[in-house]
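Asker: structure for the following, please:
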Amino acid sequence: MRDSLAWLLTTALLHSTARRMDLSPAAAWTGALAFALAGFSIEYATGAWPHALSACLCFCAFVYTVQAAEQDRTRAAWLAGLLAGL
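Answerer: A predicted model of the protein is given here:
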């Protein structure tokens with residue numbers, strides 16, 4: 001259950017980050033669906049491995065890193081480091 005939720009969160013964050021970076025809606029959906037349906041992400045979300053949670057934490061760290069760089073926010077930089085370290 002935890003890995004499935006992490007997989008869904010990563011997919012949603014990927015879509016919202018792509019839209020925030022001024023990509024077209026079609027490109028954002030293509031990127032999110034490519035992550036969600038291609039490769040091993042579904043297997044990791046439904047299996048017994050913690051890969052989906054690790055991918056979610058790493059992508060959340062990336063999102064906070066982008067936010068810290070764009071808005072010069074120290075708190076976002078701290079959260080990015082914390083999430084990357086987990």
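
Asker: measure A6 to V66 for me?
Answerer: A6 is 19 Å from V66, where distance means Cβ to Cβ, to the nearest Å. To be clear about C-beta, it is placed using only N, CA and C from the backbone, and glycine gets the same treatment.

Asker: cool, and M1?
Answerer: Going from M1 to V66 by Cβ to Cβ gives 29 Å.

Asker: rewinding a little: A6 and V66: who's more crowded?
Answerer: Neighbours per residue (other Cβ atoms under 10 Å) separate A6 from V66, with A6 holding more: 22 against 15.

Asker: can you tell me the helix or strand for that one?
Answerer: Assigned by DSSP states H and E, A6 belongs to helix 2-20.

Asker: measure how far stretch 74-86 is from the centre of its chain, please.
Answerer: Using Cα atoms, centre = their mean, to the nearest Å, we find the averaged C-alpha position of stretch 74-86 to lie 14 Å away from the chain's own average C-alpha position.

Asker: equivalent analysis for stretch 44-53, please.
Answerer: Computed by Cα atoms, centre = their mean, the separation of stretch 44-53 from the middle of its chain amounts to 14 Å.

Asker: let me know the average pLDDT across it.
Answerer: Mean pLDDT, computed over stretch 44-53, is 84.

Asker: okay, buried residues for it please.
Answerer: With burial defined by 16 or more other Cβ atoms under 10 Å, the residues of stretch 44-53 counted as buried are 44-45, 51-53.

Asker: check stretch 30-38 too.
Answerer: For stretch 30-38, burial by neighbour count (16+ other Cβ under 10 Å) applies to 31-32, 35-36.

Asker: export those as JSON lines, with columns for secondary structure and pLDDT.
Answerer: As requested, the buried residues of stretch 30-38 are exported to JSON lines (DSSP: H, G, I helix; E, B strand; the rest coil; pLDDT from 0 to 100):
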{"residue": "G31", "secondary structure": "helix", "pLDDT": "94"}
{"residue": "A32", "secondary structure": "helix", "pLDDT": "95"}
{"residue": "F35", "secondary structure": "helix", "pLDDT": "94"}
{"residue": "A36", "secondary structure": "helix", "pLDDT": "92"}
